[in-house]
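> Sequence plus predicted model, see below.
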Amino acid sequence: MRFILLIFFLEYSNFFGVKAGLCQENLFQRQKHILRGLKLDVASTFHGSFLSTARTNIFWRKDIDDNPLRFSLYYSYPTIVVGHIVMPLGTSAIVEFLQSYEINTIRFWMWEGGHRITNMQVFVIGVDGITETIVFDGLAQPAVVKAKFSSQIVSKIRFFNRGGNTVDSNMSIIKIQAYYAF
């Protein structure tokens, strides 16, 4: 009899509805967390990203890992140029993600050799693979550049060499990162 009263009390006191609501809210937060790449660098090869334009880009040092999406430390010997990719004038480097992510920040490290200031554009490409939104348009200093923009669901990032740099017509990038920052 007590068991039946307990079931009756729990059923009509709406405890189950509250618990289900909390579970749904927790699930929604977890989905947002995954969509935002767990707050990690989603442009890293460690997370499945790759350069779809690798065959057209120039990798400066063939004997070291000069992929700008690498997760490892950067080896730089004083007499050797650090590994980076080079895009000739009018070409692009496209970073494709393993899945679409919500991001709002892209950081990229421009090659500092010769104090080159590069005329470039950075686009984020939507889930459809066609829609491009410009997030950086201008001159990139020879250092780490941070492009902050409104949150978007992104499947690719495109770095376009619009005008070369102050030394030659190339654009050189050492490292690329993309993530959701609060």
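Done, it's in.
> Count the neighbours of residue 43 for me.
The burial count assigned to residue 43 is 29, neighbours taken as other C-beta atoms under 10 Å. Just so you know, the C-beta spots here come from the backbone N, C-alpha and C atoms, and that holds for glycine as well.
> and the helix or strand hosting residue 162, what does it pack onto?
For residue 162, the enclosing helix or strand under DSSP states H and E is strand 144-165. Counting contacts by 3 or more C-beta pairs under 8 Å, 6 or more residues apart in numbering; DSSP states H and E, strand 144-165 packs against strand 92-110, strand 118-125, strand 132-140, strand 171-179.
> what packs against the third one?
In this case it means strand 132-140. Contact here means 3+ C-beta pairs under 8 Å, 6+ apart; on that basis strand 132-140 packs against strand 92-110, strand 118-125, strand 144-165.
> please redo it, this time with the cut-off set to 6 Å
Strand 132-140 makes packing contacts with strand 118-125, strand 144-165 when contacts are defined by 3 or more C-beta pairs under 6 Å, 6 or more residues apart in numbering; DSSP states H and E.
> and what of the last one?
Helices and strands touching strand 171-179, as assessed by 3+ C-beta pairs under 6 Å, 6+ apart, comprise strand 85-87, strand 92-110.
> swap the cut-off to 7 Å and go again
In this structure, strand 171-179 makes packing contacts with strand 85-87, strand 92-110, strand 144-165, judged by 3 or more C-beta pairs under 7 Å, 6 or more residues apart in numbering; DSSP states H and E.
> Hey, what's the angle from that strand to strand 118-125? Just curious.
Compare the direction of strand 171-179 with that of strand 118-125 by axes from the mean of the first three to the mean of the last three C-alpha atoms, to 10 degrees and you get 40 degrees.
> I'd like the average pLDDT over stretch 115-135.
Within the predicted structure, the mean pLDDT of stretch 115-135 is 94.
> Please report how far the residue lying closest to residue 97 once chain neighbours are set aside lies from residue 138.
Nearest residue to residue 97 in three dimensions, chain neighbours excluded: residue 49, at 5.2 Å (C-beta to C-beta, 6 or more residues apart in numbering). When distance is defined by C-beta to C-beta, to the nearest Å, residue 49 is 25 Å away from residue 138.
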